[in-house]
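Student: Give the three-dimensional model of this entry:
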Amino acid sequence: MQAARLHEYTDDMTEGLQIDEVDRPHATGASDVIVEVEGAGWCQTDNHIIEGMWEEYVPQDLPMTLGHENAGTVVETGDDVEIVTEGDAVICHPVQTCGTCRPCRLGETMYCENDAFNGLTTDGGFADYLHTSERSVIPLPGGVDPIDIAPHADAGITAYHAAKKAVDELNPGDHAVVIGIGGLGHIGLQCLNAMSAARITAVDVKDTALDLADRYGADHLVNPTEADVPAEVESITDGT
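Tutor: I've put the predicted structure just below:
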């Protein structure tokens, strides 16, 4: 199969990855899941990996296939896999976890002692096929296109996590301010709108971003190039 692989660190993104022919993965473990990749998002983290910024914290064994925002169709499963079967459309969590270490058993799976991070510590989804596990795939409902949903494997859950923490503190009638309606911000705004009864103020320097915020549920729009943000927010919230 073909895979986009990092052979050496560089600041030049146009030369960062090389298309290689590599062996296709197969389900050799009981909980393995092989996904034919249909959508793979390019994240800012991928840029940082290519630049070598992560090497000090998480050494990479190069060459390595990048890509941690992945979705596609299951083509092969291990003997013990029950949550998905061949032909199922899935979105893939970036991190593969064991489920048995103490952090996993406490529900703190991001601290898994045996984790593997797609595209950072193990081969990711910039390839025809991705080797992952049953714990790291989520079946998609009918009508959801893997190509469209793939970036939510990271950008979506990151924004959701931040919004969920905020929602715990927001009562009906409270105000929330979302600063930056970009790749994550517009998702966070939608999460806040769906998960709370707060009034939402969107702040961005781009009118196109504010138009997006308006469509996705913002109650107030503030452009810092046209208004003093603290004063505007104080006015909107009546000083509360």
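Student: what residues does the longest helix anywhere in the chain touch?
Tutor: Longest helix in the chain, counting residues (DSSP state H): helix 155-167. With CB atoms under 8 Å, 6 or more residues apart in numbering as the test, helix 155-167 has contacts from 41, 43, 69, 93, 149, 176, 183-185, 187-188, 191-192, 195-196. All C-beta spots, glycine's among them, are computed from the backbone N, C-alpha and C.
Student: Which of those has the largest number of neighbours?
Tutor: Neighbour count (other CB atoms under 10 Å) singles out residue 69 as the most crowded of the contacts of helix 155-167, with 28 neighbours.
Student: Could you report the pLDDT at the residue nearest to that residue when sequence neighbours are not counted?
Tutor: Among residues not flanking residue 69 along the chain, residue 41 sits closest, at 3.2 Å (CB to CB, 6 or more residues apart in numbering). Looking at residue 41, its pLDDT is 95.
Student: show me the contacts for residue 41.
Tutor: 67, 69-70, 150-151, 153-155.
Student: phi, psi of it?
Tutor: Phi and psi for residue 41, reported as degrees, to the nearest 10, are phi -80, psi 150.
Student: now swap in residue 10 and tell me
Tutor: phi -160, psi 160.
Student: Show the contacting residues for it.
Tutor: So residue 10 contacts 16, 50-51 (CB under 8 Å, 6+ apart).
Student: And it, what's its pLDDT?
Tutor: 95.
Student: now residue 240
Tutor: Residue 240 is given a pLDDT of 67.
Student: how about the strands of this structure, start to end?
Tutor: Here the chain has its strands, by DSSP state E, at 2-6, 17-21, 32-41, 64-65, 69-77, 89-92, 95-96, 116-117, 129-133, 137-139, 175-179, 199-203, 220-222.
Student: Distance to residue 83 added to those strands, as a markdown table?
Tutor: Putting these into a markdown table (distance: least, CB to CB, whole Å) gives the following:
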| stretch | distance to residue 83 |
| --- | --- |
| strand 2-6 | 26 |
| strand 17-21 | 31 |
| strand 32-41 | 9 |
| strand 64-65 | 24 |
| strand 69-77 | 9 |
| strand 89-92 | 9 |
| strand 95-96 | 14 |
| strand 116-117 | 18 |
| strand 129-133 | 10 |
| strand 137-139 | 7 |
| strand 175-179 | 34 |
| strand 199-203 | 35 |
| strand 220-222 | 42 |
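Student: ok, now how distant is residue 80 from residue 134?
Tutor: Using CB to CB, to the nearest Å, we find residue 80 at a distance of 8 Å from residue 134.
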